[in-house]
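Participant: just the structure for this:
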Amino acid sequence: MIKSIGLIFLLFFLVQEPVLKKQKLTDYLSMDVSTELRTMTQQELSAKFLGARIPDVAMTDEQSAVEFTITASPTFWQDGDVALLKEFYDASIPPLFQEIDFSQKELVELNEKEFAAYQFEGKPDVEGNRSAEKRYTYLLYTIHRNGLVTISFSCPPYLKSKWKPIAQKMFETTKFR
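Facilitator: You can find the predicted model right below:
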């Protein structure tokens, strides 16, 4: 009897939904974020974004397998250009990956904001590195206050079944100020 009760509690905790906590991530964006994510250390940022623009927000899990970033940069795109922006990324994302397989490539509206949304699996086409790890990636692009905002989530395929629904729930709570 005690073993049965213990097994029920164990199953409850294993099946339990991930906890999302509302966070103000930047001065322009807030969203609910998994409590399993933590801010990347300076060392992790330097290693992952060597020679690239450091994101406004960069988070990972305890194993450093998951990557969640938010980046804003000035742009020539205007607020009403998200459909045109999508056409641009439709053409510019595939050359950055090997063996890319899209499951989503469309315009979506989240909390009254239009985004170009992409979900896919593929290997980053890193120059000279043909053994790059395949990743599940979920990207949102939008224009906010004359800036291009990119929200990105990626993880290895073996973590996709766990993290895909979490990333979707997180992204659904995106709110701009």
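
Participant: what's the helix or strand that contains A47 in contact with?
Facilitator: Remark: A47 resides in helix 42-48, with elements defined by DSSP states H and E. Helix 42-48 has contacts (CB atoms under 8 Å, 6 or more residues apart in numbering) with 40, 54, 58, 60, 64, 67. All C-beta spots, glycine's among them, are computed from the backbone N, C-alpha and C.

Participant: now it: mean pLDDT?
Facilitator: The average pLDDT for helix 42-48 rounds to 89.

Participant: for the closest residue to W163 other than its chain neighbours, give the beta-bridge partners.
Facilitator: The shortest distance from W163 to any residue that is not its chain neighbour, by CB to CB, 6 or more residues apart in numbering, is 4.8 Å, and that residue is C155. Here C155 sits in beta bridges with Y136, as judged by DSSP bridges.

Participant: circling back: in the contacts of helix 42-48, find the pair that's most separated.
Facilitator: I54 and S64 (16.5 Å; CB to CB).

Participant: still on that earlier bit, surely the residue nearest to W163 and Y136 touch.
Facilitator: Yes. When contacts are counted by CB atoms under 8 Å, C155 is listed as touching Y136 (5.6 Å).
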